[in-house]
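Participant: Next input, structure requested:
(one chain, ligands or ions: 1)
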Amino acid sequence: MWWRDAVIYQVYPRSFQDSDGDGLGDLPGIEQRLDHLTWLGVDALWLSPIYPSPMHDFGYDISDYKGIDPVFGSLDDFDSLVAAARARGLRVLLDVVPCHSSIEHPWFSEHPDWYIWREGPNNWLSAFGGSAWSPLNGRYYLHSFYPEQPDLDWRNEEVIAAMQDALRFWIDRGAAGYRVDAIDRLLKDPELRDDPPATGEPFGLPLSDEELKLALTHSRNAPDTPKALARIREAVGDHLLVGEVYLPSAKWQPYLEHLDVAFAFELLHARWDASLLRAAIEATTRRPGAAWVLSNHDFGRLVTRFGAENARSAALMLLTLPGPAFLYQGDEIGLADGPGGERVYDRAGRDRFRHPMQWDGSPNGGFTTGDPWLRAVEPERVNVEAQRDDPRSTLSLVRDLLALRRVLGDGLELLEAAPGVLAYVRGEHTIAVNTTADERPAPLDGEVVLETDPGALRGRTLAPHSGAITMGLPG
Ligand code: NOJ
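Facilitator: Numbering: from 1, shown residues only. Sure, this is the predicted structure:
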């Protein structure tokens, strides 16, 4: 249970550190920067996909589940990274994409029966918009995401065997577990029936306008999904499985029979408003199994999602909730989203969440000596080097939070507080954030052990857009 209160740092390999000057991050680059992670105090790193891929979805379209894409390096580089991480006490989690392969995976032509076909499309929708079916050779194949990502048929034993083989391969090479992609799309209705019209019952998480018209009961989350998850569990033993299950936490139970934790999407999608945050935390903590996350390569960074003025409080909240937390690379320095496409699910739409990590104030932020695939975002102002020795920097705040969370007690008690203030107790510490632009009273007593900004807490009043932690319980 090393992961019970772990902080897992998300590395987006394409954008972390380039070691060979091609403008794209790689595994040797990640290894060069491991000391940043140990200095920061995280427990593990999760690598977004590093496998061979035509990169239609930057690695979430895998063409070989047991290799490394040459852009990122080689299997030797992977072994070296895992050994270097281990030597520093860091674990390495991988990303597995069981729902679909790349259309360029040899399986697609050699084993068409491993995929899902229909004579004509039904009304199922791709997560990225439009029909989930594309024509090929007189039939239609299912793709829950881009057309280059055909869905595998998890009711086919050969598919399961091939995937178990891949899962074991990386565990044997030292992976500490997996973040499992798109579980809600793993199994669908075996008869491929149309999704019925929406019933009006809220889904509990944001959906597209198209999706809102349907009940989405057949295109995803088939009742036998846990059986497939059991086969994933069978392959990985007791290594960590973190599920990307796009469902509100009230529906997690069957999935958590085989996964350790699931990403807490209700909190990720809550606006920066104390009452909404509180409601999401309350709902999610009704049962165990939350992995907290507020930002990643699909949704963008803290500074942009919640506003620069709230990003430090967001980090404070993320890192003081009970259970594992995921920290996206760049959030520790307050990196903002960069330029990118307008519509999120257009090809370049999520580029803006994926601009390279910034290590120093040079024009490419120390990411590459070549031409970066995406340019740096104000590197002269936002970079690791400039913030490392500044006790007031976001980087120092995040490091202090990581140290402090180790002494937070078990459990979570949400407190009554003034409107606009989220407050809770962890053991002997009380934590509060003011999500508003005004001063607000906060139920904080005792010694101040951490503030988002110096002087954030004056007496029992929190400055606008600030947060604090005290040692001692509210009187
Ligand atoms: C979720 C991943 O985080 C996202 O980047 C990807 O596009 C989809 N799953 C499809 O694999």
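Participant: separation between Leu319 and the ligand?
Facilitator: 22 Å (CB to the nearest ligand atom, to the nearest Å). Any C-beta I mention is one placed from the backbone N, CA and C, and that applies to glycine too.
Participant: Would you agree that residue is in contact with Arg406?
Facilitator: No: shown here, Leu319 and Arg406 do not form a contact pair, counting by CB atoms under 8 Å, at 10.7 Å.
Participant: quick one: which of the two has more around it?
Facilitator: Leu319 (21 against 10; other CB atoms under 10 Å).
Participant: Run through the residues that contact that one.
Facilitator: For Leu319, the contacting residues are Val7, Ala325, Leu327, Val398, Leu401, Leu402, Arg405, by CB atoms under 8 Å, 6 or more residues apart in numbering.
Participant: Just the buried ones out of these, please.
Facilitator: Val7, Ala325, Leu327, Val398, Leu401, Leu402, Arg405 (16 or more other CB atoms under 10 Å).
Participant: Which of those residues lies at the shortest distance from the ligand?
Facilitator: Nearest to the ligand among these, counting by CB to the nearest ligand atom, is Leu327 at 15.8 Å.
Participant: Three-state assignment for Leu327, please.
Facilitator: Three-state call for Leu327 (DSSP: H, G, I helix; E, B strand; the rest coil): strand.
Participant: and it, what is it in contact with?
Facilitator: So Leu327 contacts Val7, Ile8, Tyr9, Gln10, Val42, Leu318, Leu319, Val398 (CB under 8 Å, 6+ apart).
Participant: so which of those residues comes closest to Ala176?
Facilitator: Ala176 has its nearest neighbour among these in Ile8, at 9.5 Å by CB to CB.
Participant: Tell me which residue of the stretch 201-350 of the chain lies closest to the ligand.
Facilitator: Residue nearest to the ligand within the stretch 201-350 of the chain: Asp298 (4.7 Å; CB to the nearest ligand atom).
Participant: Now that residue. Nearest residue, chain neighbours left out?
Facilitator: In this structure, Asp298 finds its nearest non-sequential neighbour in Arg350, 6.1 Å apart by CB to CB, 6 or more residues apart in numbering.
Participant: ok, now how distant is that neighbour from Gly338?
Facilitator: 11 Å (CB to CB, to the nearest Å).
Participant: For the two, indicate the residue with more neighbours.
Facilitator: Neighbour totals were compared for Arg350 and Gly338, and Arg350 leads with 21 against 18 (other CB under 10 Å).
Participant: Test my guess that that one contacts Asp337.
Facilitator: No: with contacts counted by CB under 8 Å, Arg350 stays clear of Asp337, the gap being 9.7 Å.
Participant: Tell me what the residue nearest the centre of the chain is bridged to.
Facilitator: Nearest residue to the geometric centre of the chain (CA atoms, centre = their mean): Asn296, 4.8 Å. Following DSSP bridges, Asn296 is listed with bridge partners Gly300.
Participant: In which helix or strand does Leu404 reside?
Facilitator: Leu404 belongs to helix 394-405 when assigned by DSSP states H and E.
Participant: okay, that helix in PDB with CA atoms only?
Facilitator: Written as PDB, here are the backbone C-alpha positions of helix 394-405 (Å, rounded to 0.1, in the frame of the first residue of the first chain):
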ATOM      1  CA  THR A 394       5.000  28.200  -6.100                       C
ATOM      2  CA  LEU A 395       7.700  25.500  -6.300                       C
ATOM      3  CA  SER A 396       8.700  26.000  -2.600                       C
ATOM      4  CA  LEU A 397       5.000  26.000  -1.700                       C
ATOM      5  CA  VAL A 398       4.500  22.700  -3.400                       C
ATOM      6  CA  ARG A 399       7.600  21.200  -1.900                       C
ATOM      7  CA  ASP A 400       6.500  22.400   1.600                       C
ATOM      8  CA  LEU A 401       3.100  20.800   1.000                       C
ATOM      9  CA  LEU A 402       4.600  17.500   0.000                       C
ATOM     10  CA  ALA A 403       6.600  17.500   3.200                       C
ATOM     11  CA  LEU A 404       3.700  18.500   5.400                       C
ATOM     12  CA  ARG A 405       1.300  16.000   3.900                       C
END
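Participant: who's in contact with the next helix or strand after it?
Facilitator: Where DSSP H and E defines the elements, the next helix or strand beyond helix 394-405 is strand 413-414. Strand 413-414 is contacted from outside by Arg278, Ile281, Glu282, Ala423, Tyr424, Val425, using CB under 8 Å, 6+ apart.
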